[in-house]
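>>> build me a model:
(one chain, ligands or ions: 2)
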Amino acid sequence: MAIQERRIIYKHVDEPGYTADIDCYLRNGGYEVLKKALQAKPEDLCKEVFDSGLTGRGGAGFPTGMKWKFLDRKSGKPIYLVCNADESEPGTFKDRQIIYQDPHQLIEGMAISAYAIQAKQAFIYIRGEFINGARILETAIEEARAKGFIGEDICGSGYSCDIVVHRGAGAYICGEETGLIESLEGKRGYPRIKPPYFPAVLGLYQCPTIVNNVETLSQVKHIIEMGGTEFAKIGVKGDTGTHIFGVSGHVQRPGYYEIEAGSATFGELLYDLCGGPLPGRKFKALIPGGSSTKILRFGERFTGKHPNTGEPFDWGVEDIPLDAISLRACGTFLGTGGSIVMDDSTDMMEVIANLMAFYGHESCGQCTPCREGSLWLNKMTTRMTCGHARPEDVDLMKNIADQIEGRTICAHGEAVAWPVQSHYNKFKDEYLDKIAHQGDGRGRYNPNGYPLI
Ligand SMILES: Cc1cc2nc3c(=O)[nH]c(=O)nc-3n(C[C@H](O)[C@H](O)[C@H](O)COP(=O)(O)O)c2cc1C
Ligand code: SF4
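Ligands and ions are numbered 1, 2, ... in the order given. Have a look, this model is predicted:
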């Protein structure tokens, strides 16, 4: 039998007749979980989230309950909750569907989370380009405020917390949580050095702050509804709940699919739900979780002992279960679930040049390895696609990436390095072959293109 989606977060996304307004949300049981949550003790709600095993859906996959535990509650300073709706990683398009199609799910999740951590004020930091998303959220917030679900004395509980939408200027680095906080404070979005600026201790206005992703905060509603222990039964050990896979690229039915963690394989997702490759084509490569995650090559084998079961595995890409633990065992990450599929018509040199153009453009420039390295890689890979590659460039590219990884303030450094390193490991032969045949009609060749640097 073909695999089934398990829609929790996306239950109403694309549902005929379902609208973003509060009346529709209320007709479908909306804000009932908030009312129930307000009768519980905040620390009990935090415990439910901890027990659920929920991991952050913004990319890094850090346990949400643990992050909430790190909050400095003794400082006496106000606590802030920030929803990260910047969603800029190429290949990732899951959060915006929640915002566009079910904004009250997010607002209810935020109101519950804010009460659980006892935040005095909450913000939604949304990417500047999402003009409609910001408008939809502002309308939804007004509706929720008018009905007493946010603002003063929420549902007569005595607890007050409002939500404000803040539009960013459209920079990838403003999605990094400390860059986001700087931007929210009205400054340039430069990521902060951690330690000491862990947001849970020194965040917005130097106050304890929780930054969570849109999908993460939406999940909180469902955790409180079903209870943390019940939620933890969905998925696999170390990766509970569902994941939304945003599949783009060379498949018949690209789109978003919500899958219980570990309940299916990439092969099932790509063939059963996405309809397989385009006519006459074969899958060649897969970036599993947003453009910064390490690329996988169809045909390669992954072997080892599974961290959860201890069982030996020997998988191709198609056999990898859709969960964070299995993907990590294969040397890559689940990240944001933004899966980019490439078939045998794809030129990998063009792919890396495309990615480096993005990451080079988006480096904030604070750290020398990232600033210089990403620009160098951008120039070099662009030049290579113009037919001016030298065989030694392939090793040089890897060397530059190695010098960036682990030497920067924020993980943008890894986002530059990992694609290059994984391309080198999996497609070096293709690069060298292409270089050896520059100008003989195989691939793009522009002798008047980018000059040698
Ligand atoms: C360069 C960079 C860009 C990021 N962009 C986003 C983003 O657009 N949205 C997001 O939720 N997290 C993004 N993150 C991750 C955030 O820093 C942070 O880990 C996340 O918002 C925490 O939420 P979570 O615990 O719910 O996952 C980015 C990280 C880096 C290094
Ligand atoms: S790693 Fe890059 S993006 Fe991050 S702080 Fe350093 S220069 Fe800026």
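>>> quick check: the residue of the stretch 351-453 of the chain nearest ligand 1.
Using CB to the nearest ligand atom, the point where the stretch 351-453 of the chain gets nearest to ligand 1 is Ala411, with a distance of 3.6 Å. Heads up, the C-betas are built off the backbone N, CA and C, glycines and all.
>>> my error: substitute the stretch 101-250 of the chain in the last question.
When CB to the nearest ligand atom is the measure, the stretch 101-250 of the chain has its nearest residue to ligand 1 at Gly175, with 2.3 Å between them.
>>> low-scoring stretches of the chain, by residue?
Applying pLDDT under 70 to the chain picks out residues 1, 439, 441-453.
>>> which bits of it sit near ligand 1?
The chain has residues 56-60, 62, 64, 67, 84, 86-89, 172-173, 175-177, 211-213, 216, 410-412, 415 near ligand 1, with proximity defined as CB under 6 Å from any ligand atom.
>>> only the buried subset of the residues you listed, as a ChimeraX command please.
In ChimeraX, the members of the residues of the chain next to ligand 1 classed as buried (16 or more other CB atoms under 10 Å) are selected with the following command:
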select :56,57,58,59,64,67,84,86,87,88,89,172,173,175,176,177,211,212,213,216,410,411,412,415
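>>> okay, and which of the residues of the chain next to ligand 1 map to strands?
Filtering the residues of the chain next to ligand 1 for membership in strands, criterion DSSP state E, returns Asn84, Val211, Asn212, Asn213.
>>> still on that earlier bit, looks like the residue of the stretch 351-453 of the chain closest to ligand 1 contacts Gly58 (just checking).
No: using CB atoms under 8 Å, Ala411 and Gly58 do not qualify as a contacting pair, with a distance of 11.1 Å.
>>> so which of the residues of the chain next to ligand 1 reach ligand 2?
Ile173, Cys410, His412.
>>> right, and the residue of the stretch 101-250 of the chain closest to ligand 1 touches Thr92 too?
No: at 9.7 Å, Gly175 and Thr92 do not qualify as touching, with contact defined as CB under 8 Å.
>>> buried ones in stretch 27-41?
Applying a neighbour-count criterion of 16+ other CB under 10 Å, the buried positions in stretch 27-41 are Gly30, Tyr31, Val33, Leu34, Ala37, Leu38.
>>> inside helices: which ones of those?
With helices taken from DSSP state H, the overlap with these comprises Val33, Leu34, Ala37.
>>> closest to Ile79 out of those residues?
Distance from Ile79 was checked for each of those by CB to CB. The minimum falls on Ala37, at 16.8 Å.
>>> where's the residue lying closest to that closest one once chain neighbours are set aside relative to ligand 2, distance?
With CB to CB, 6 or more residues apart in numbering as the measure, Ile112 is the residue that lies nearest to Ala37, at 4.7 Å, once sequence neighbours are left out. Shown here: Ile112 relative to ligand 2, a distance of 32 Å by CB to the nearest ligand atom, to the nearest Å.
>>> adjust the sequence numbering to begin at 23 for everything that follows.
In the new numbering, first residue 23, that becomes Ile134.
>>> and the longest strand for the protein?
As assigned by DSSP E, the longest strand anywhere in the chain is strand 264-271.
>>> what residues does the protein put near ligand 2?
If contact is defined as CB under 6 Å from any ligand atom, the residues of the chain in contact with ligand 2 are 195, 213, 385-389, 392-393, 430-432, 434-435.
>>> let's see which of these end up in helices.
Where the residues of the chain next to ligand 2 overlap with helices, as defined by DSSP H, the overlap consists of Cys392, Arg393, His434, Gly435.
>>> am I right that Ala133 is in a helix?
Yes: assessed with DSSP: H, G, I helix; E, B strand; the rest coil, Ala133 lies in a helix.
>>> hmm, Ser182 and it touching each other?
No: contact criterion CB under 8 Å: Ala133 and Ser182 do not qualify, at 10.9 Å.
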